[in-house]
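Engineer: Here is a sequence together with a model predicted from it:
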Amino acid sequence: MRNAPSAVAAAAFAACILAACSGKNDTASNAPAPAAPVKPSNIALTRTITIPARVAADPATAPPDSGVLTLSEGGDDELPEGPTSFDLTADGGFVVADPLRQRIVFYDSTGKFRSDMLIHFGAERLRVLPNNVLSIVRYQGGDRLIFEPNPAGQYGAPRAATERDPDPDAIDAGSVQLQSGEQAIVAAQPAPGAESAPLSVRFQAVGESMVSVRRLGADARQRTFVAIEAAFAGQRVDVRKIVRKYAPGSQNLVEILDIPLNYYVHPVDEFRIRDGLVYQLMPQATEVRINVWDTNSRP
């Protein structure tokens with residue numbers, strides 16, 4: 001008789017356990033599925049600025065129009081040469097390095113010629129610093145020179161760059177670790193009093209992998225722009241290029257997939273980022289194109 005209540009209690013306890021388990025399963029089945037990651041928006045080409053250019057057998061011979069940029073013919077053992085770098089001025093104009101004629105050329109925002117400046121050496125890299133100061137890296141030797149304008153806007157003799165002169169190339173490039181064909185870690189250059197979390201760049205495309213990743217810079221809202229070169233296995237010569245914009249926290253907001261790569265001369269500096277706009281320098285045989293994508297149409 002004493003065993004009967006124990007059996008009843010055990011049966012009731014088992015029933016309670018089953019009911020509880022059943023309740024949990026019902027709750028789990030009714031739980032919403034986790035949200036799928038937001039697919040980044042593809043940004044189409046916004047506009048193209050064209051600047052006249054010429055292929056010259058003797059690049060030292062000046063063309064009739066000072067606004068024409070110069071390219072060499074190249075040959076069996078050497079690639080053609082031409083404009084290497086560019087940047088934007090505060091008013092939206094362009095400054096282009098024309099190394100074959102050892103000069104820097106200034107254009108307005110529509111590509112109309114403004115002026116040029118002889119520097120008497122070939123420029124490899126070019127940046128515009130605050131107050132229209134120019135930072136130019138020389139091809140031979142790789143030293144960086146600073147050209148400062150006077151109150152009339154004219155540039156005098158250069159001086160050697162010092163640690164006090166900002167280096168936008170180093171700031172934009174930050175650091176990149178390509179960990180695999182699908183994963184890279186991108187970080188901003190450390191700055192006093194500022195911290196930023198590294199950016200995780202993931203790439204997944206059937207048969208393709210990343211072969212290079214480059215940080216292009218960040219805008220005022222701390223959105224980071226990254227250029228990715230991707231290729232199929234065994235076809236590293238034939239790559240495609242993608243530019244992505246990331247929000248803080250590694251969220252891929254937008255990407256540019258239709259980047260043309262039919263360069264006559266491949267520049268040292270392909271891209272510049274300004275206020276959410278992506279600029280590409282693309283020298284052709286008869287013109288130099290500056291392609292522009294406006295990423296501000298998306299978050």
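Structural biologist: Here it is on my side, so go on.

Engineer: would you list every one of the strands in the stretch 151-299 of the chain?
Structural biologist: Along the stretch 151-299 of the chain, the stretches classed as strands by DSSP state E, counting those that start in this stretch are 159-160, 175-178, 183-187, 199-202, 208-218, 224-232, 240-247, 251-256, 271-274, 277-283, 287-294.

Engineer: Make TSV out of those and add mean pLDDT.
Structural biologist: Below are those laid out as TSV (pLDDT from 0 to 100):
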stretch	mean pLDDT
strand 159-160	97
strand 175-178	96
strand 183-187	96
strand 199-202	94
strand 208-218	95
strand 224-232	95
strand 240-247	95
strand 251-256	91
strand 271-274	97
strand 277-283	97
strand 287-294	98
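
Engineer: which of those sits most buried?
Structural biologist: strand 277-283 (a mean of 22; mean count of other Cβ atoms under 10 Å). Heads up, the C-betas are built off the backbone N, CA and C, glycines and all.

Engineer: Show me the one of the strands of the stretch 151-299 of the chain that comes nearest residue 80.
Structural biologist: With Cβ to Cβ, the closest approach to residue 80 among these belongs to strand 277-283: 8.8 Å.

Engineer: Show me the contact partners of the closest one.
Structural biologist: Strand 277-283 is contacted by residues 46, 53, 69, 71, 82-83, 85-86, 88, 96, 216, 225, 243, 256, 259-260, 262-265, 267, 269-273, 288-296 when judged by Cβ atoms under 8 Å, 6 or more residues apart in numbering.

Engineer: That one pairs with which strands?
Structural biologist: strand 271-274 (antiparallel), strand 287-294 (antiparallel) (DSSP bridges).

Engineer: Turn those strands into a markdown table, including distance to residue 40.
Structural biologist: Shown next, in a markdown table, are these (distance: least, Cβ to Cβ, whole Å):
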| stretch | distance to residue 40 |
| --- | --- |
| strand 271-274 | 17 |
| strand 287-294 | 13 |
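
Engineer: To residue 126, which of those lies closest?
Structural biologist: Nearest to residue 126 among the strands paired with strand 277-283 is strand 271-274 (10.2 Å), distances taken as Cβ to Cβ.

Engineer: from what I can see residue 103 touches residue 115, true?
Structural biologist: No: applying Cβ atoms under 8 Å, one finds residue 103 not in contact with residue 115, separated by 10.2 Å.

Engineer: With neighbour numbers in mind, choose between the two.
Structural biologist: Neighbours per residue, other Cβ atoms under 10 Å: of residue 103 and residue 115, the larger number sits with residue 103, 21 against 12.

Engineer: Check the gap between that one and residue 66 for me.
Structural biologist: Distance of residue 103 to residue 66, computed by Cβ to Cβ, to the nearest Å: 9 Å.

Engineer: got it, and residue 80?
Structural biologist: In this view, residue 80 and residue 66 are 21 Å apart by Cβ to Cβ.

Engineer: Compare these two and say which is more crowded by neighbours.
Structural biologist: Neighbour count, other Cβ under 10 Å: between residue 80 and residue 66, residue 80 has more, with 17 against 13.

Engineer: does the more buried one really touch residue 267, like I thought?
Structural biologist: No: Residue 80 is not in contact with residue 267 according to Cβ under 8 Å; the separation is 11.9 Å.

Engineer: Off-centre distance for stretch 159-168?
Structural biologist: How far stretch 159-168 lies from its chain's middle: 23 Å, per Cα atoms, centre = their mean, to the nearest Å.

Engineer: thinking again about what came up before, tell me which of the strands of the stretch 151-299 of the chain approaches residue 59 most closely.
Structural biologist: So among the strands of the stretch 151-299 of the chain, strand 277-283 is nearest, using Cβ to Cβ, at 13.3 Å.

Engineer: what's the angle between the closest one and strand 251-256?
Structural biologist: Angle between the axes of strand 277-283 and strand 251-256 is 40 degrees (criterion: axes from the mean of the first three to the mean of the last three Cα atoms, to 10 degrees).

Engineer: So for strand 277-283, could I get the coordinates as CSV, restricted to C-alpha?
Structural biologist: Output in CSV follows, covering the C-alpha atoms of strand 277-283 (Å, rounded to 0.1, in the frame of the first residue of the first chain):
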residue,chain,number,x,y,z
LEU,A,277,32.5,59.5,-54.0
VAL,A,278,34.9,56.9,-55.6
TYR,A,279,37.1,58.2,-58.3
GLN,A,280,39.1,56.0,-60.7
LEU,A,281,42.0,57.2,-62.9
MET,A,282,42.0,55.2,-66.2
PRO,A,283,44.5,56.3,-68.9
